[in-house]
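Chemist: Need coordinates for the below:
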Amino acid sequence: MRKKLFIAFFALISSVAMAQDKCFWVFFTDKNDTQFDPYSYFDAKAIERYQKCGADLYDISNYPLNDSYVNTVGSYSTEVFGESRWLNAIGVEATDDNAALIAQLPFVARVQEIVSNGTMAGVKTEFKEVEDDNKDILTDQVKRFGGQHFIDKGIDGKGLRICVMDGGFPKVNTHPAFKHLRDNNQIIKTYNFPNKKEDVYGWNTHGTMVLSCIAGINEEGQKLGLATGAEFLLARTEIEPEPFKEEVWWAQGAEWADKNGADIINSSLGYGKDRHWTKDMDGTSYVAKAANKAVEKGILICNSAGNEGDDSRWMTIITPSDAENVICVGGIDANLKDYRHISFSSYGPTADKRRKPDVVAFGEAQVAKPSGGFTSAFGTSFASPLTAGFCACAWQTKRDLTALQMKAEIQKSCDLYPYYDYAFGYGVPQAAYFTGDLKPAERSFNLVQEKDGVKIVVPKVIENQDVFINVEGADGVLLGYYKLHPDSTGIKLNNKDFGQGKKLNVSYNGFYDACPISGNGGDINLLTQYRNSQNGTFKKVKEEGWQNTLYFQYDYNLPNGTWNGFNRHFAFGRRWMYGKSYKIGMGLGLDWNRFVRNDKDSDIHPFHDQVMLRNMQLRGELMQRVVIRLWGINWDLGGYGGINITRRVRITDKTYITDAMGQHISDDVYSKKVTTYYNAKNMNLFEYGAFTRISYSIANMINIGVYGNYRLSPVITKDDILIGTKANNPSPWSVGIEFEILP
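Modeler: Residues are numbered from 1 along each chain as shown. All right, here's what the predicted structure looks like:
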């Protein structure tokens, strides 16, 4: 009976999963029978931008979708939650069966399930209050760009229109940091895509903080971001806890920005780890395609690189920052002296080995706090808008350039350019490049070819200045990179560490030089030093998608009328899982069990004081895991089976002493006999059952959870006067806690 219930339970779970609505992209074959007038559709600034960059206003991508196609697909769907002109597609909720019917419609090119979850790139955000006597730190994030050069010349992004796509903008309509935007009517339009209305002044506080990094001003008049004179479009494209729709809304938001005349989009949003494979970060996701399309139409895009840099399982950036034409922004420590990669900022390259990130900015920023005042926040979510504000000011000085030309100029302005690596990109953009105040870098080192290698000779060691070094292959892919502080003896790189056809690139105090490497050696070995300097590595994950974890369990077998003692279970082992938001896996471990039956004063065997069962079990499990990343929760459901390596029965008999009259003297006066039966045949050799677990992820390092087991097999299989009958088996239920150590 219990086996049937077990099978029925899993069948029910499977049927419910199959019947659930899922999210799909539905792509159409054409836009037949549609009409389009760009001059009534586009804002005047959008038309001006199209003309400047040479984009075609009448391009088919701008035409609306065929309404009859949309309506027909909608009749098979629970909801049509978004549509994209550029992709000629809509996002729908539907069952698998209805999705299959939609795919057969003659005007549908294909149907693709949306299997990725969206998250704000600032998910690693932490906060601390800014002390009144330390407000000068608010200016450091502007100083790092050399922003005073813009400020001195009155360059504040005026004439540029910036679209900020995020999860909400609470109190932007009241916070003092944005008073100048409200007073000067610089917020042009707003739209809330999840709710299909204009109100965006609520929901997630992330967008408020991001906007303040572009154009916020504190009480003392200090700028949090450089583009205080720009105009703004505010788009809400993210919600919680929706796991599937945001990528559709991102594409829709980019089209809305295009329509309403945006010059720049800041996207502190990303879709990556636990949502896609690293191999997918090659610029081919639908949001990456939408981003590239926006740049073709003259919009410059800044996007956060992501916050996965301290996760060894994900060593690349997130999409859409992997798009070729997007400015991917990584993070550095908020320090004007020490040039240091901030630990969580994602590393490049892209999956197809292109160079990302492009630039870096502070990964810790001072931001407007929606509840009032200002706070410090961490994440590449804030490096991106700091850069977007810089870009608006830079573009104000060169309004004749297209978005792609401007992207190239931003890279050239960086303080490491033309040096590049996968942690820092080309470095931090500098305002002096655009204001004409940039001084030529003086030679700070020499590359000396020696018989057995190359020596970097530093005539004068400069305080707080590191040497940046990389080795580049013939195909332009970096083979190794690191930075270190030099001394007067210089830095020696031996030929034996390198192979032929390599190039050495070096940057120190703004000066760059390079030379070929002529050695016949093998693989370079720079990554250890780079890791030790806390600047990361670009080593890729092997066996992508597989994850193995260590687990430790402790539980308590629930008592029943007979087995009422301290029944405990301890286990440890390893699991192997495959997948992202939905994982399947197996585990192998060792278990120790103890069941205690106190027989004193019982009617079963009153001459036994205690019966104890012990066993050690080699246990395997098959499981499925649903990952709810937004909340950091994992739900496991599965079955297990094991073989008992040892089976032991321990029986304790107590004979109480009587007086000469045969009367019981005291419970404290007795004779004791302990009998142990090893490899007890009346204990089951095999065990199997079902389990479920709920766990919570902490800092991507450990899962802590609770679980329940239901044992389908009996512990006792043979009637025995010493043990009892099958009806007196221990309870099948046990509950406990688990610690799962992540790699």
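Chemist: next helix or strand past the helix or strand encompassing Asn593?
Modeler: Secondary structure from DSSP states H and E places Asn593 in strand 582-598. Downstream of strand 582-598, the first helix or strand assigned by DSSP H and E is strand 610-628.
Chemist: List the buried residues of that next one.
Modeler: Buried residues in strand 610-628, defined by neighbour count with 16 or more other CB atoms under 10 Å: 610-615, 617, 619, 621, 623-625, 627. The C-beta positions use only the backbone N, C-alpha and C, and glycine is treated the same way.
Chemist: same deal with stretch 87-105?
Modeler: Within stretch 87-105, the residues scored as buried using 16+ other CB under 10 Å are 87-95, 98-99, 102, 105.
Chemist: In helices, which of these fall?
Modeler: Judged by DSSP state H, the subset of the buried residues of stretch 87-105 located in helices is Asn98, Ala99, Ile102.
Chemist: of the residues you listed, closest to Arg355?
Modeler: Set against Arg355, the nearest of those by CB to CB is Ala99 (37.9 Å).
Chemist: Could you verify my assumption that the closest one touches Val111?
Modeler: Yes. Ala99 lies in contact with Val111 (CB atoms under 8 Å); the separation is 5.3 Å.
Chemist: which residues do those two both contact?
Modeler: Phe24 (CB atoms under 8 Å, 6 or more residues apart in numbering).
Chemist: that older thread, out of the buried residues of strand 610-628, who's nearest His180?
Modeler: Distances from His180 to the buried residues of strand 610-628, taken by CB to CB, are shortest for Val627, at 43.1 Å.
Chemist: So what's the residue count around the closest residue to the closest one other than its chain neighbours?
Modeler: Leaving aside its chain neighbours, Val627 sits nearest to Ser581 (5.0 Å; criterion: CB to CB, 6 or more residues apart in numbering). Using other CB atoms under 10 Å, the number of residues around Ser581 comes to 16.
Chemist: Pull the distance from stretch 616-635 to the chain's centre.
Modeler: 19 Å (CA atoms, centre = their mean, to the nearest Å).
Chemist: Pull out the CA atoms of it and give them to me as PDB.
Modeler: The C-alpha coordinates for stretch 616-635 follow below in PDB (Å, rounded to 0.1, in the frame of the first residue of the first chain):
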ATOM      1  CA  MET A 616      25.400   1.600   9.400                       C
ATOM      2  CA  GLN A 617      24.100   2.000   5.900                       C
ATOM      3  CA  LEU A 618      25.500   2.800   2.500                       C
ATOM      4  CA  ARG A 619      22.800   4.900   1.000                       C
ATOM      5  CA  GLY A 620      22.100   6.300  -2.500                       C
ATOM      6  CA  GLU A 621      19.500   8.800  -3.500                       C
ATOM      7  CA  LEU A 622      17.900  10.100  -6.700                       C
ATOM      8  CA  MET A 623      16.500  13.600  -6.500                       C
ATOM      9  CA  GLN A 624      15.100  16.600  -8.300                       C
ATOM     10  CA  ARG A 625      15.700  20.100  -7.100                       C
ATOM     11  CA  VAL A 626      13.600  23.200  -7.900                       C
ATOM     12  CA  VAL A 627      15.700  26.400  -7.300                       C
ATOM     13  CA  ILE A 628      13.900  29.600  -6.500                       C
ATOM     14  CA  ARG A 629      16.900  31.900  -6.800                       C
ATOM     15  CA  LEU A 630      15.000  35.100  -6.000                       C
ATOM     16  CA  TRP A 631      14.500  33.900  -2.400                       C
ATOM     17  CA  GLY A 632      17.600  31.700  -2.300                       C
ATOM     18  CA  ILE A 633      15.400  28.600  -1.600                       C
ATOM     19  CA  ASN A 634      15.900  25.000  -2.900                       C
ATOM     20  CA  TRP A 635      13.200  22.400  -2.800                       C
END
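Chemist: picking up where we left off before, surely the residue nearest to Val627 meets His276?
Modeler: No. Assessed by CB under 8 Å, Ser581 is found out of contact with His276, at 10.2 Å.
Chemist: so what pLDDT did the residue nearest to Val627 get?
Modeler: Looking at Ser581, its pLDDT is 71.
Chemist: same deal with Gln465?
Modeler: For Gln465, the pLDDT comes out at 89.
Chemist: What residues does it make contact with?
Modeler: Contacts of Gln465 (CB under 8 Å, 6+ apart): Ser444, His485, Tyr508, Asn509.
Chemist: Return the distance of the third one relative to Leu416.
Modeler: When distance is defined by CB to CB, to the nearest Å, Tyr508 is 10 Å away from Leu416.
Chemist: between those two, who's got more neighbours?
Modeler: Per other CB under 10 Å, whichever of Tyr508 and Leu416 has more neighbours is Tyr508, with 25 against 22.
Chemist: wouldn't that one be in contact with Glu442 here?
Modeler: No. Counting by CB under 8 Å, Tyr508 sits too far from Glu442 to count as a contact (10.5 Å).
Chemist: where's the residue nearest the centre of the chain, which helix or strand?
Modeler: The residue lying closest to the centre of the chain (CA atoms, centre = their mean) is Lys273, at 4.5 Å. Taking DSSP H and E as the definition, Lys273 sits outside all helices and strands.
Chemist: Tally up the residues packed near Trp277, please.
Modeler: 15.
Chemist: any idea how far it is from Thr316?
Modeler: The value you get for Trp277 to Thr316, if CB to CB is used, is 10 Å.
Chemist: now swap in Gly573 and tell me
Modeler: Separation of Gly573 from Thr316 (CB to CB) stands at 31 Å.
Chemist: Comparing the two, which residue is more hemmed in?
Modeler: Thr316 (30 against 18).
Chemist: hang on, isn't the more buried one packed against Tyr347?
Modeler: Yes. If you go by CB under 8 Å, Thr316 and Tyr347 touch, sitting 6.9 Å apart.
Chemist: pLDDT on stretch 424-442, on average?
Modeler: Rounded mean pLDDT across stretch 424-442 is 95.
Chemist: Which parts of the stretch 51-200 of the chain are helices?
Modeler: Assigned by DSSP state H, counting those that start in this stretch, the stretch 51-200 of the chain shows helices spanning 67-75, 96-103, 140-143, 148-152, 179-183.
Chemist: And the ones you listed: which comes nearest Val461?
Modeler: Closest approach to Val461 among the helices of the stretch 51-200 of the chain is made by helix 140-143 (24.2 Å; CB to CB).
Chemist: I'd like the average pLDDT over the closest one.
Modeler: 93.
Chemist: do stretch 254-269 as well
Modeler: On average, stretch 254-269 scores 97.
Chemist: Quick one: mean pLDDT for the top strand by length along the chain?
Modeler: Looking across the chain with DSSP state E, the single longest strand is strand 633-656. Per-region confidence: strand 633-656 scores 87 on mean pLDDT.
Chemist: Okay, now the sheet partners of the helix or strand following it, with direction.
Modeler: Following strand 633-656 in sequence order, the next helix or strand is strand 670-678 (DSSP H and E). Its sheet considered, strand 670-678 pairs with strand 633-656 (antiparallel) by DSSP bridges.
Chemist: So which bits of the partner strand are buried?
Modeler: Neighbour count says strand 633-656 has 634, 636, 638-642, 644, 647-654 buried, by 16+ other CB under 10 Å.
Chemist: same deal with stretch 35-53?
Modeler: Buried positions in stretch 35-53, judged by neighbour count with 16+ other CB under 10 Å: Pro38, Phe42, Asp43, Lys45, Ala46, Arg49, Tyr50, Cys53.
Chemist: just these now: which is nearest Asp352?
Modeler: Using CB to CB, the buried residues of stretch 35-53 come closest to Asp352 at Cys53, 26.0 Å.
Chemist: looking at it, that closest one is touching Asp400, isn't it?
Modeler: No. With contacts counted by CB under 8 Å, Cys53 stays clear of Asp400, the gap being 10.6 Å.
Chemist: Doesn't Gln405 belong to a strand?
Modeler: No. Gln405: not assigned to a strand; according to DSSP: H, G, I helix; E, B strand; the rest coil it is helix.
Chemist: Let me see the ranges of the helices in the stretch 351-500 of the chain.
Modeler: According to DSSP H, counting those that start in this stretch, the helices that the stretch 351-500 of the chain contains are 380-396, 403-412, 432-435.
Chemist: All set now, cheers.
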